[in-house]
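K.L.:
have a look at this prediction, sequence included:
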Amino acid sequence: MRILIVDDQRSVRLATSQGVRAFGHETDTADSGRVALLKLQEERFDLVLLDLNIEGRADGLEYIARLQKLMPGLAVVICTAEASISTAVEAMRRGALDYLEKPFSPEQLMAVLARVERTRRLKQRADGLADQIARTAPHADFSSEDPAMKTVIDVAGRAATTGVTVLILGENGTGKSLLARHVHEQSAVADGPFVTVSCPSLSRELLESELFGHVQGAFTGAVKDKWGKVDAAGGGTLFLDEIGEMPAELQPKLLRLLQERAYERVGDTKTRTANIRVIAATNRDLHGAVRAGTFREDLFYRLNVIAVTMPPLRDRPMDLPRLTNSFLRFFAEESGRPVLGMSPPAMAAVLAHTWPGNLRELRNVIERAVILARGTQLELGDLPAEVAATRARSVELGALVPLEALEQEHVRRVIARTVKLEDAADILGIDIATLYRKRKRWAAGGDSPGTAAKAKLA
């Protein structure tokens, strides 16, 4: 936390500053209430330790409201040599969070700081949850029958318990941001904020300000000081979405943030320390961007400590029925529609579709179908034309296609009707390793004649 110590005795200010810094916080001091008010106009603080008898008079209580008017939500702890129940009650009534009786021990100071920090984190988490609820999204489902997805979940889960930087790769719509939040929620900073910066959404100048903040007058339109997302993520996670779009001019500053946890606001000369965990995601080929010279190699290696690749939905056929039914139940409940399930032809079309938009496309398709459904189950006609027509393009017996195309179609249908790949392998009369190799070759495009028929196993 950033803490302002307000006391008219120099020895008290110095001793308290040393104690606060020993517990890992940043400090500044003021010898009067007037100086404290001036500092709050120039600097942001998380907590003020305020002497009750500032300036020789019992004015500390009066300053609580004045300080909090300048910075709404500011935590104030009253420090007094005349502690009493009535003083504490009056301080709380006026907005103080807690009080310390002078002289206080390091243990008492640590206990109060811990209470303030815990309250601050709970508020940040509540604000984050409120924002998440406001967006109204289905619960993120990280169970899977797909081996590649299982590996992603396992690696991400193990990385979450450390403070290491995680890089999430994958196509658009595969759920990279959902996985980033999942890593945060499994981490040691889960009680802290989860703050997202969308790298492609702003110009270089605005992105720098959004990320690091700025001081008044730093550029045209900077009419007041602003604290950036790095500061907002303090004690939690900073998620850099589509990091591959980060402008080249900002990449050195991001590298410094990752290496040294240090940064400056735009137009400011004061170096600040960031207490954050960083997760980044991109749909770009960062190796290729490094070779092309558009992405710094040292930044890539700093980000690429733990990297996971979200598999596209077309490579997760065993997860499709569960994901589809999960979306169906969510949107039926949210919209108040009496939709209970999906007809076999409609599910067959869902299983046959290649889902170029991945989870995002599946979600949109099911939400639309639930809204338009005429009965208690989704029918083929409730699906968009491009999805409903997919089944018609399936390879049938006697079709003028290579033999391997028939094999792919048969394997796909068997997998769609079984719960586990092992069951599908038993029905097909092959071992599981052979089935994995076939799926991998077909998903990659292979070099066989059957690939030309566009009847590949999804």
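P.N.:
Cool, got the structure. No experiment lies behind these values; they were computed from the predicted model shown.
K.L.:
which elements pack onto the helix or strand where Val12 lies?
P.N.:
Assigned by DSSP states H and E, Val12 belongs to helix 10-22. Here helix 10-22 touches strand 2-6, strand 26-30, strand 47-51, helix 106-135, going by 3 or more CB pairs under 8 Å, 6 or more residues apart in numbering; DSSP states H and E. Every residue, glycine included, has its C-beta placed from N, CA and C.
K.L.:
want to throw these into CSV with distance to Val387, mean neighbour count and mean pLDDT?
P.N.:
Output for the helices and strands packed on helix 10-22, formatted as CSV (distance: least, CB to CB, whole Å; neighbours: other CB atoms under 10 Å; pLDDT from 0 to 100):
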stretch, distance to Val387, mean neighbour count, mean pLDDT
strand 2-6, 52, 23, 89
strand 26-30, 55, 18, 89
strand 47-51, 55, 26, 88
helix 106-135, 25, 14, 73
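K.L.:
of all these, which lies closest to Ala188?
P.N.:
helix 106-135 (11.9 Å; CB to CB).
K.L.:
residues touching Gly244, list them.
P.N.:
199, 282-284, 286, 289, 295 (CB atoms under 8 Å, 6 or more residues apart in numbering).
K.L.:
could I get the residues you listed in CSV, plus columns for neighbour count, pLDDT and secondary structure?
P.N.:
Below are these laid out as CSV (neighbours: other CB atoms under 10 Å; pLDDT from 0 to 100; DSSP: H, G, I helix; E, B strand; the rest coil):
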residue, neighbour count, pLDDT, secondary structure
Cys199, 21, 89, helix
Thr282, 22, 96, strand
Asn283, 16, 94, coil
Arg284, 14, 92, coil
Leu286, 21, 93, helix
Ala289, 18, 93, helix
Phe295, 23, 95, coil
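K.L.:
so which residues of the stretch 201-350 of the chain form strands?
P.N.:
213-214, 226-227, 236-241, 262-263, 272-273, 276-282, 306-310, 341-342 (DSSP state E, counting those that start in this stretch).
K.L.:
columns distance to Tyr63 on top of those, output as a markdown table?
P.N.:
Shown next, in a markdown table, are these (distance: least, CB to CB, whole Å):
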| stretch | distance to Tyr63 |
| --- | --- |
| strand 213-214 | 26 |
| strand 226-227 | 23 |
| strand 236-241 | 30 |
| strand 262-263 | 31 |
| strand 272-273 | 26 |
| strand 276-282 | 32 |
| strand 306-310 | 47 |
| strand 341-342 | 64 |
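K.L.:
what's the closest of the ones you listed to Met71?
P.N.:
strand 226-227 (11.1 Å).
K.L.:
tell me what that closest one is packed against?
P.N.:
Partner elements for strand 226-227 (3+ CB pairs under 8 Å, 6+ apart): strand 213-214.
K.L.:
quick one: the strand it packs on to chain centroid distance?
P.N.:
With CA atoms, centre = their mean, to the nearest Å as the basis, strand 213-214 stands 21 Å off its chain's centre.
K.L.:
could you do stretch 368-388 as well?
P.N.:
With CA atoms, centre = their mean, you get 32 Å for stretch 368-388.
K.L.:
quick one: end-to-end length of it, please.
P.N.:
One end of stretch 368-388 to the other measures 13 Å (CA to CA, to the nearest Å).
K.L.:
avg pLDDT for that stretch?
P.N.:
Regarding stretch 368-388, the rounded mean pLDDT is 91.
K.L.:
need the residues that contact it.
P.N.:
328, 331-332, 335, 337-343, 345-346, 349-350, 353, 365-366, 391.
K.L.:
out of those, list just those in helices.
P.N.:
328, 331-332, 335, 345-346, 349-350, 365-366 (DSSP state H).
K.L.:
with adjacent residues omitted, what lies nearest to the residue nearest the centre of the chain?
P.N.:
In the chain, the C-alpha nearest the mean C-alpha coordinate belongs to Arg181, at 3.8 Å (CA atoms, centre = their mean). Leaving aside its sequence neighbours, Arg181 sits nearest to Phe194 (CB to CB, 6 or more residues apart in numbering; 5.9 Å).
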